[in-house]
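Trainee: Have a look; sequence and predicted model below, questions after that.
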Amino acid sequence: MKTIQNRKSGFTLVEIMIVVAIIGLLAAIAIPNFVKARTTAQTNACIANLKQVQGAVEQWALEQKKAPTSSVALTDISGSASAFIKQAINTELKCPAGGTYAVTTVAANPTCNVSGHTL
């Protein structure tokens, strides 16, 4: 004679709670690492942009025969047919962290208004 087995399959509440706890623990470990990696990448990209701006300022100063104390603006190195930076500073060459770049003199390093982004 056959016996009828009436067993329901599925997960218990305890098993689901354990899985949720493990996922929460992994998220607590992973999310700060992702945020730190993103911040580091933004800082490195900003520093690379600052180096590009500095190189353009130096080229501009050599071509225009400017002294190290001469004033320079971002518009002097970008935006024209003979631009030293092909991108327009205000449109394509942006700080990835949302900052803006500034230059004062030929000898001074360009700066970014986001804290921690220096050349």
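Mentor: That came through fine.

Trainee: all helices for this protein, in order.
Mentor: Applying DSSP state H to the chain gives helices spanning 13-64, 74-77.

Trainee: Of all these, which one is nearest Asn113?
Mentor: When these are compared by CB to CB, helix 13-64 sits nearest Asn113, at 10.5 Å. Just so you know, the C-beta spots here come from the backbone N, C-alpha and C atoms, and that holds for glycine as well.

Trainee: And that closest one, what does it pack against?
Mentor: Here helix 13-64 touches helix 74-77, strand 101-102, strand 111-112, going by 3 or more CB pairs under 8 Å, 6 or more residues apart in numbering; DSSP states H and E.

Trainee: Just want the most central residue of this structure.
Mentor: Central residue of the chain (CA atoms, centre = their mean): Gln42, 1.8 Å from the mean position.

Trainee: remind me which residues of the protein are low pLDDT?
Mentor: 1-7, 79-82, 87-92, 116 (pLDDT under 70).

Trainee: looking at the helices of the chain, which is buried most?
Mentor: Neighbour counts (mean count of other CB atoms under 10 Å) averaged over each of the helices of the chain peak at helix 74-77, with a mean of 19.

Trainee: Keeping just the C-alphas, turn that one into PDB.
Mentor: Extracted in PDB, the C-alpha atoms of helix 74-77 (Å, rounded to 0.1, in the frame of the first residue of the first chain):
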ATOM      1  CA  LEU A  74      41.800  79.800 -18.400                       C
ATOM      2  CA  THR A  75      40.500  81.500 -21.500                       C
ATOM      3  CA  ASP A  76      44.100  82.200 -22.600                       C
ATOM      4  CA  ILE A  77      44.900  78.500 -23.000                       C
END
